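**Q** got a structure for you, letters missing:
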């Protein structure tokens, strides 16, 4: 038990360190700008006085390390600064968007995880059969599709041809049901994008376990194939499966960017793309930091879950 | 994601020996591999011969907006009245070319650093590995968007940014593979003989890890290709008027709401090429023994 705690504390410390260095990169990256934000925003023709005023307003006249600490402590207090494009506080812009993005990712996860696990188990059960090969070819194909291709094909068939679902996710209705209806297509796209990888890993983890002698024993005892998988194989394959599920959730949070743009879904990804186009640097910084932090935290969770669900990891070395 | 699994299979792989019997090997290949080879070959042919194959100029406005398919414009025209087919053909050249250049650069940087890291050992290895770990903790698409905001959007910057972001993965693999070779006796012999580090990297290690690296090149290319298309689709990658498949989809997406499939063609072109490459690699990996799984 003590071992586990030490290991987890270790992982947590590494994760925090990574997060800190990433925040440094995101902060310092901007000072690598040719010129600086002031000339970038105000243009070459701005008078020296306006530039100086602008720099004082943003605190650009302070030394780098002071600016970094001010930036970090502001963020820890929930203050992300002011958008250059529309002069609104970034926190206000970001948090509403973040919750929409999380809603979308959660809906996608609810659809994707059971589907991937089910298909993975089936493929492992009937491995090397026709079903397995078909699924294998299908996933190999689906990982090759760009996200926007999947999205537009779905729009074409489900929304334009069949008229089942709205192709835009704009929240015009305002009711919860209307909102969810608008989210189905984007979530379905995300599902199709992540399901292949998750399914393959589930299959691989299960097959690894199915090859062990105690499974053969169970088979000889006369346990049914379903029983073997659910009672004997699955518990032992759970660690890697949980790991891959969480890793794919991390991917979902980031993968939403393209999907949000296709469906005009008002999430964080869309905000970031718009801000990159406008070169609204503080907003890009904030979005990058939030995405990176989410990604790191989820990866860390996957790591810790893998440790907790697999006691054998503790006795290595 | 699984450097260990890969490294275990790495140097013991028998490797891919080109022989005079390559026709026979090809004939014995599964249907999917043949299909993949055919797809890749035809894309390369189209990309190289773009100016001769396409009916009009790359950015030439030849008709009115969104004209339907006709004898004059085989696939219709786009949102500015440029010929779709022409843009599609030039897109093969630009999108594939830029993705290829980025992958090549990523392999040059990541490969050299990875092998160096394995050979040098000690603190340089430690420092490099930790730095790469941190870079890999930032999601790739987000990191590239961030870097593109800072350095502006142009083709050289795009290539450099994508290569930098992707070289982290190459570094991991190259280092893991080289690590297994570094422990071999003949490396010690070369060291005792007084060969330089560069010589050891180039003549002793590189040939021994080449075959898995080639397979990885295919995978990384697909990945880079998809990422550049995604960036262009978001309007942050290849800039107009250069023809590019990602931005072509975006520019003409409105047509889809009228049930027209034309905007899906460039997206389909991207999908077909990545599928072709994936089929090829799958076969290649089967042949040069099992480095599978992971992405």
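**A** Arrived safely, thanks for sending. Note that the structure is a prediction, hence the values are computed from the model and not measured.
**Q** what's the first helix or strand after the strand or helix carrying residue A:57?
**A** Assigned by DSSP states H and E, residue A:57 belongs to helix A:48-58. Downstream of helix A:48-58, the first helix or strand assigned by DSSP H and E is helix A:64-76.
**Q** ok, and the closest non-adjacent residue to the residue nearest the centre of chain B?
**A** The residue lying closest to the centre of chain B (Cα atoms, centre = their mean) is residue B:221, at 1.3 Å. Leaving out its chain neighbours, the residue that sits closest to residue B:221 by Cβ to Cβ, 6 or more residues apart in numbering or on different chains is residue B:103, at 4.6 Å. C-beta here means a position set from N, CA and C on the backbone, and glycine is covered the same way.
**Q** pretty sure the one you found contacts residue B:217?
**A** Yes. In terms of Cβ atoms under 8 Å, residue B:103 counts as a neighbour of residue B:217; the distance is 6.5 Å.
**Q** what count of nearby residues applies to residue A:72?
**A** Residue A:72: 15 surrounding residues under other Cβ atoms under 10 Å in any protein chain shown.
**Q** that older thread, who's in contact with the residue nearest to the centre of chain B?
**A** Each residue near residue B:221 by Cβ atoms under 8 Å, 6 or more residues apart in numbering or on different chains is listed here: B:99-100, B:103, B:277.
**Q** and what of residue B:136?
**A** Counting by Cβ under 8 Å, 6+ apart, residue B:136 touches B:168-169, B:172.
**Q** now do it, the pLDDT please.
**A** At residue B:136, the pLDDT value in this model is 87.
**Q** what bits of the chain have low per-residue confidence?
**A** Since you didn't name a chain, this refers to chain A. By pLDDT under 70, the low-scoring segments of chain A are A:1-2, A:32-44, A:167-177, A:310-317.
**Q** hm, I was asking about chain B
**A** Looking at chain B by pLDDT under 70, you get B:1-22, B:288-295.
**Q** rewinding a little: quick one: which of the contacts of residue B:136 is nearest chain A?
**A** Relative to chain A, the closest of the contacts of residue B:136 is residue B:168; by Cβ to the nearest Cβ it sits at 12.9 Å.
**Q** how about the helix or strand harbouring that closest one: buried residues?
**A** Secondary structure assigned from DSSP H and E places residue B:168 in helix B:155-182. Neighbour counts using 16 or more other Cβ atoms under 10 Å in any protein chain shown place B:158-182 of helix B:155-182 among the buried residues.
**Q** again, but for stretch A:70-78
**A** Using 16+ other Cβ under 10 Å as the test for burial, stretch A:70-78 gives A:71, A:75.
**Q** now do stretch B:205-213
**A** Taking 16+ other Cβ under 10 Å as the criterion, stretch B:205-213 shows B:205-206, B:208-209, B:211-213 as buried.
**Q** and what of stretch A:239-248?
**A** Buried, per 16+ other Cβ under 10 Å, within stretch A:239-248: A:239-248.
**Q** now those as TSV including distance to chain B and secondary structure?
**A** Compiled in TSV, those are given as follows (distance: Cβ to the nearest Cβ, whole Å; DSSP: H, G, I helix; E, B strand; the rest coil):
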residue	distance to chain B	secondary structure
A:239	15	helix
A:240	11	helix
A:241	14	helix
A:242	15	helix
A:243	10	helix
A:244	9	helix
A:245	14	helix
A:246	13	helix
A:247	8	helix
A:248	11	helix
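**Q** got the residues you listed as JSON lines, with distance to residue B:145 columns?
**A** Formatted as JSON lines, these follow (distance: Cβ to Cβ, whole Å):
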{"residue": "A:239", "distance to residue B:145": "33"}
{"residue": "A:240", "distance to residue B:145": "31"}
{"residue": "A:241", "distance to residue B:145": "31"}
{"residue": "A:242", "distance to residue B:145": "30"}
{"residue": "A:243", "distance to residue B:145": "27"}
{"residue": "A:244", "distance to residue B:145": "26"}
{"residue": "A:245", "distance to residue B:145": "26"}
{"residue": "A:246", "distance to residue B:145": "24"}
{"residue": "A:247", "distance to residue B:145": "21"}
{"residue": "A:248", "distance to residue B:145": "21"}
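**Q** by contact count, what packs against the helix holding residue A:57?
**A** helix A:37-42 (3 or more Cβ pairs under 8 Å, 6 or more residues apart in numbering or on different chains; DSSP states H and E).
**Q** pull out the buried positions in the helix holding residue A:57.
**A** Buried positions in helix A:48-58, judged by neighbour count with 16+ other Cβ under 10 Å: A:51, A:54-55, A:58.
**Q** quick one, that helix and helix A:64-76 angle?
**A** Calculated by axes from the mean of the first three to the mean of the last three Cα atoms, to 10 degrees, helix A:48-58 forms an angle of 50 degrees with helix A:64-76.
**Q** distance of the residue nearest to the centre of chain B from residue A:241?
**A** Distance, residue B:221 to residue A:241, using Cβ to Cβ, to the nearest Å: 30 Å.
**Q** equivalent analysis for residue A:180, please.
**A** 28 Å.
**Q** so residue B:63 makes contact with residue B:70?
**A** No. Taking Cβ under 8 Å as the definition, residue B:63 is not a contact partner of residue B:70, at 9.1 Å.
**Q** inside strands: which ones of the contacts of residue B:221?
**A** Among those, no residue falls in strands (DSSP state E).
**Q** residue B:214 contacts residue B:284, doesn't it?
**A** Yes. Counting by Cβ under 8 Å, residue B:284 is a contact partner of residue B:214 at 7.5 Å.
**Q** out of those two, which sits in the busier spot?
**A** Taking other Cβ under 10 Å, residue B:214 and residue B:284 do not tie; residue B:284 has more neighbours (18 against 15).
**Q** so what's that one closest to, chain neighbours aside?
**A** Using Cβ to Cβ, 6+ apart, the closest residue to residue B:284 is residue B:215 (5.4 Å).
**Q** what about the one you found, how many neighbours?
**A** 23.
**Q** gap between it and residue B:101?
**A** Using Cβ to Cβ, residue B:215 is found at 20 Å from residue B:101.
**Q** what's the answer for residue B:253, then?
**A** Distance of residue B:253 to residue B:101, given as Cβ to Cβ: 27 Å.
**Q** residue B:264 now?
**A** Distance from residue B:264 to residue B:101, by Cβ to Cβ: 27 Å.
**Q** next: residue B:125.
**A** For residue B:125, the distance to residue B:101 - Cβ to Cβ - is 29 Å.
**Q** how about residue A:14?
**A** As defined by Cβ to Cβ, residue A:14 lies at a distance of 35 Å from residue B:101.
**Q** and residue A:188, by the same measure?
**A** Residue A:188 is 35 Å from residue B:101, by Cβ to Cβ.
**Q** got the contact list for residue A:192?
**A** Contact partners of residue A:192, counting by Cβ under 8 Å, 6+ apart, are A:142, A:150, A:154.
**Q** no, scratch that, I was asking about residue B:232
**A** Contact analysis of residue B:232 by Cβ under 8 Å, 6+ apart lists B:95, B:238, B:244-247, B:250.
**Q** no further questions, thank you.
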